[in-house]
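>>> The sequence isn't on hand, but the structure is:
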């Protein structure tokens, strides 16, 4: 059984694209019942790098080992001074699919309060999450997405980054 919940996006949050409602938060699946084989592989890799109660660090992931997924990967760094998270890398396949490169922008800027809540929850629980839904922003409603967000910790315990990937399909 997949346990999901959807938190509504506050009406006054904007994604910066002119839409007053911004993107919807999608469905969160803490059981991480992934559909995409590529995302399943990334989750297996992350789990293999976890040691007892220690999370893997960014340095544990070699881009050469993930060649097939590079265009679909993203890296997010915690910005504790403002309790937000900055996209430091977004794969070319993601930017092509959504029609925008948000590298350098904060999650709160892009996805509003719902995005902040998601990353804060992953940070605080130190657990991976699957998020999926329809690409309902920037006139891309014909596409669906599945995303995997994985916490990373340079010291093994304090989440300071996230690695993940996003794949797309038809929403029909």
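Alright, I've got the coordinates. Please read these numbers as outputs of a predicted model, since none were measured by experiment.

>>> longest helix of the protein?
As assigned by DSSP state H, the longest helix anywhere in the chain is helix 107-125.

>>> and the next element down the chain from that one?
Counting by DSSP states H and E, the element after helix 107-125 in chain order, helix or strand, is strand 129-134.

>>> chain center to that next one, what's the gap?
Relative to the chain's own centre, strand 129-134 is displaced by 9 Å; criterion: Cα atoms, centre = their mean, to the nearest Å.

>>> repeat for stretch 52-72
Once both centres are worked out by Cα atoms, centre = their mean, stretch 52-72 turns out to sit 14 Å from its chain's centre.

>>> what's the answer for stretch 163-172, then?
The mean C-alpha position of stretch 163-172 is separated from the chain mean by 11 Å, Cα atoms, centre = their mean.

>>> Repeat that for stretch 149-165.
Taking the mean of its C-alpha atoms, stretch 149-165 sits 12 Å from the chain's own mean (Cα atoms, centre = their mean).

>>> tell me the average confidence for that stretch?
Across stretch 149-165, the average pLDDT comes to 98.

>>> neighbouring contacts of that stretch?
With Cβ atoms under 8 Å, 6 or more residues apart in numbering as the test, stretch 149-165 has contacts from 38-39, 42-43, 46, 51, 53-61, 69, 72-78, 85, 91, 118-119, 122-124, 126-129, 131, 147-148. Yep, even glycine has a C-beta here, placed from its N, CA and C like the rest.
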